[in-house]
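# Need a 3D model of the sequence below.
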Amino acid sequence: MPSYFDFDHDKLAEYLEAQIAGFKGPLSAEKFAGGQSNPTFKITAASGTYVLRRKPPGDLLKSAHAVDREYRVLSALANSAVPVVEVYHLCEDDSVIGSMFYIMEFKQGTVFWDPALPDMTNAQRGTIFDQMNQVMVALHSVDIDDVGLSDFGRPGNYFARQISRWTKQYQASEIETIDDMDKLIQWLPRNTPADDGKLVLAHGDFRLDNIMFDAVESRAIAVLDWELSTLGHPYADLAYQCMQLRLDNRSVLAGLGGVDRQALGIPSEEEYVALYCQRMGIEAIENWDFYVIFSMFRFAAILEGVGQRALGGNASSDKASQMRALVKPLAAMAVAMI
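Prediction:
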């Protein structure tokens, strides 16, 4: 069993009783399925149900698995138009369970893993995609100064810095040589658009299965998994979501590639982007292909890291090796767009 299961429940309960008002042990922990990065557990205690999200133990890439950043951004967004869960406590003491973690509320809702939404009506599908669009607009409209996140990332040259960062991360976790990834590493810096000064709070992993919906209404109630959030460019989130929706629907990470969206009541990519632009007051997005190519490269680099951790026995999900199999197809899709 992976080492991130091995923590002392009694010790954790004693610690949380001293840190969170009203918390009462004993407790039990059950790991949620899915998630390739930070292991997440349902904590059932005498005082109620909570969620624990922890940094994996062991040797990790620099700046990865930043649960403290997640905690900070969730705290900052507590009273914003962006739906988030309430957070209760951040523990930076590795001695409690073996790595940094935080505790947040447990929300009862629905997470959709298949963007084709097979069990929904056309009207419901349209509403869910509209909700995703609205939530992204709300996120990118947050006043970072008002919520205390003006230092949550560096301003300017976002894509240049991201390309450099993910190139280094990819090369640090490279399992085998992939020619298409090497081509992208050469192409992206030479074709980065001039910095336009746009700076927003970017989620970094904005997709359907990172949004929880109300169990009855088609209404977003919480955006999840903020590990990759930073101050960044709004088109990075938008292109990333559209990139994911281009994947084959039969992939381990399902997309809408080959799916008749119109027949399902799901907007086309063009319609979805146009709606975002309308809500954000943007006339048009130039260099759209660059942003999608960048998103494919970045996601491929992330998945190579997931695969590398799987080889080391330190991945959060048993699907990690399957996720790594997407690296080559993603890189090939990106190169085909050049």
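# where does the protein have low pLDDT?
Along the chain, segments meeting pLDDT under 70 span 1-5, 34-37, 57-65, 312-321.
# can you pull out the strands in it?
Under the criterion DSSP state E, the chain contains strands at 27-31, 40-45, 48-54, 87-91, 101-105, 110-111, 200-202, 211-213, 220-223, 230-232.
# In CSV, list those strands along with mean neighbour count and distance to N157.
C-beta here means a position set from N, CA and C on the backbone, and glycine is covered the same way. Listed next are the strands of the chain as CSV, based on neighbours: other C-beta atoms under 10 Å; distance: least, C-beta to C-beta, whole Å:
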stretch, mean neighbour count, distance to N157
strand 27-31, 15, 39
strand 40-45, 19, 33
strand 48-54, 19, 31
strand 87-91, 19, 30
strand 101-105, 22, 31
strand 110-111, 14, 34
strand 200-202, 25, 14
strand 211-213, 22, 29
strand 220-223, 21, 26
strand 230-232, 21, 11
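# Tell me which of these sits nearest to L326.
Smallest distance to L326 across the strands of the chain (C-beta to C-beta): 19.9 Å, for strand 110-111.
# For the closest residue to E92 other than its chain neighbours, give me its contacts.
Of all residues not flanking E92 in the chain, M100 sits nearest, at 5.3 Å (C-beta to C-beta, 6 or more residues apart in numbering). Shown in contact with M100 (C-beta atoms under 8 Å, 6 or more residues apart in numbering): 54-55, 67-68, 90-92, 94.
# related to what we said a few turns ago, any chance of the strands of the chain in CSV, with distance to A301 too?
Below are the strands of the chain laid out as CSV (distance: least, C-beta to C-beta, whole Å):
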stretch, distance to A301
strand 27-31, 26
strand 40-45, 22
strand 48-54, 23
strand 87-91, 27
strand 101-105, 26
strand 110-111, 25
strand 200-202, 17
strand 211-213, 23
strand 220-223, 23
strand 230-232, 16
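# From A236, how far out is the residue nearest to E92?
Distance, M100 to A236, using C-beta to C-beta, to the nearest Å: 26 Å.
# returning to that earlier point: just read off the phi/psi values of the residue nearest to E92.
As for M100, its main-chain torsions (degrees, to the nearest 10) stand at phi -60, psi 150.
# State the distance from it to D145.
With distances taken as C-beta to C-beta, M100 is found 27 Å from D145.
# cool, S47 as well?
36 Å.
# Pick out whichever of these two has more residues nearby.
S47 (16 against 8; other C-beta atoms under 10 Å).
# The more buried one touches F23, doesn't it?
Yes - S47 sits in contact with F23 when judged by C-beta atoms under 8 Å, with a separation of 5.2 Å.
# And the helices in this structure, which stretches?
Using DSSP state H, the helices assigned to the chain run over residues 9-19, 67-76, 122-140, 158-173, 179-190, 234-246, 261-264, 269-280, 288-311, 320-324, 327-337.
# what would the ones you listed look like in TSV with distance to S218 and mean neighbour count?
Below are those laid out as TSV (distance: least, C-beta to C-beta, whole Å; neighbours: other C-beta atoms under 10 Å):
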stretch	distance to S218	mean neighbour count
helix 9-19	34	16
helix 67-76	23	20
helix 122-140	4	19
helix 158-173	32	18
helix 179-190	37	17
helix 234-246	18	24
helix 261-264	14	14
helix 269-280	16	16
helix 288-311	26	23
helix 320-324	28	19
helix 327-337	30	19
